[in-house]
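K.L.:
A predicted structure for the sequence below; I have some questions about it.
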Amino acid sequence: MKWLKGMYVMVLLTGLSGCAGCPYSFTGASVPPHINTIAIPMFDDRSGFGDPRLREIITAEVTQRFESDGNLRIAERNTADSILEGVITRVSDDISVVEGRADRASVRRVTISIQIVWQDVIERKILIETSVSNWGEYDVGAGGPAQRQEGMNEAITKLSEDILLATIARW
């Protein structure tokens, strides 16, 4: 799985660095020089999924990803140079693999979609406004809700990586 993540990042970075007509270039995760901090307020959940913890879990994972990356320091909204806001727009739990004569689902896929907006507070402009979506799978017959949560966690981890790359790698 780690090699797959590595390949994903390499393909993304190769694509970003080879964009001849792009106004920005990827130079090892640089952002505008005046942006040193980022505020990440609690994401909103408009998915209708029904898990009241989902927004807290996703916000914490995204915040942790930015803290680990270290390119931007986490700050409070009223003192940050930039703000990253997110809205969970959709959560689905669909059949991924069907097996056997009874056509039973053996693997399900949880997909989470988030709308993000990254704002430059100093220059008062939107740096990024996009949607990100990712998924995680779980084995239906191997433990019920605990397995589903593993699928959710996988999707959330992938989403936090995608959100970091969407912001930092943009430049």
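P.N.:
That came through, no problem. Everything numeric in this text was worked out from a predicted model, so none of it was measured.

K.L.:
can we go C-alpha only for contacts and neighbour counts from here?
P.N.:
Will do.

K.L.:
can you give me the strands for this protein?
P.N.:
Taking DSSP state E as the test, the strands found in the chain are 37-39, 44-45, 73-74, 82-99, 104-120, 125-139.

K.L.:
tell me the most buried of those strands?
P.N.:
strand 37-39 (a mean of 22; mean count of other Cα atoms under 10 Å).

K.L.:
Please report the distance of residue 72 from residue 110.
P.N.:
Distance of residue 72 to residue 110, computed by Cα to Cα, to the nearest Å: 30 Å.

K.L.:
same deal with residue 148?
P.N.:
Distance from residue 148 to residue 110, by Cα to Cα: 8 Å.

K.L.:
Name the residues contacting each of those two.
P.N.:
Common neighbours of residue 148 and residue 110 are listed as residue 137 (criterion: Cα atoms under 8 Å, 6 or more residues apart in numbering).

K.L.:
where does this structure dip in pLDDT?
P.N.:
Applying pLDDT under 70 to the chain picks out residues 1-30, 96-105, 142-144, 170-171.

K.L.:
Have a look at it and report its longest helix.
P.N.:
When every helix of the chain is counted residue by residue (DSSP state H), the longest turns out to be helix 145-168.

K.L.:
In that helix, which residues are buried?
P.N.:
147-148, 150-168 (16 or more other Cα atoms under 10 Å).

K.L.:
Take that helix, keep the C-alpha atoms, and write them as PDB.
P.N.:
Only the C-alpha atoms of helix 145-168 are listed here, as PDB (Å, rounded to 0.1, in the frame of the first residue of the first chain):
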ATOM      1  CA  PRO A 145     -19.200  -1.600  12.200                       C
ATOM      2  CA  ALA A 146     -15.500  -1.900  13.200                       C
ATOM      3  CA  GLN A 147     -14.600  -2.900   9.600                       C
ATOM      4  CA  ARG A 148     -16.700   0.000   8.200                       C
ATOM      5  CA  GLN A 149     -14.800   2.400  10.400                       C
ATOM      6  CA  GLU A 150     -11.500   1.100   9.000                       C
ATOM      7  CA  GLY A 151     -12.800   1.900   5.500                       C
ATOM      8  CA  MET A 152     -13.800   5.400   6.700                       C
ATOM      9  CA  ASN A 153     -10.400   5.900   8.300                       C
ATOM     10  CA  GLU A 154      -8.700   4.900   5.000                       C
ATOM     11  CA  ALA A 155     -10.800   7.400   3.100                       C
ATOM     12  CA  ILE A 156     -10.200  10.100   5.600                       C
ATOM     13  CA  THR A 157      -6.400   9.500   5.500                       C
ATOM     14  CA  LYS A 158      -6.400   9.700   1.700                       C
ATOM     15  CA  LEU A 159      -8.500  12.900   1.800                       C
ATOM     16  CA  SER A 160      -6.200  14.600   4.200                       C
ATOM     17  CA  GLU A 161      -3.200  13.800   1.900                       C
ATOM     18  CA  ASP A 162      -5.200  15.100  -1.100                       C
ATOM     19  CA  ILE A 163      -6.100  18.300   0.700                       C
ATOM     20  CA  LEU A 164      -2.500  19.000   1.700                       C
ATOM     21  CA  LEU A 165      -1.300  18.300  -1.800                       C
ATOM     22  CA  ALA A 166      -4.100  20.500  -3.300                       C
ATOM     23  CA  THR A 167      -2.800  23.400  -1.200                       C
ATOM     24  CA  ILE A 168       0.900  23.000  -0.900                       C
END
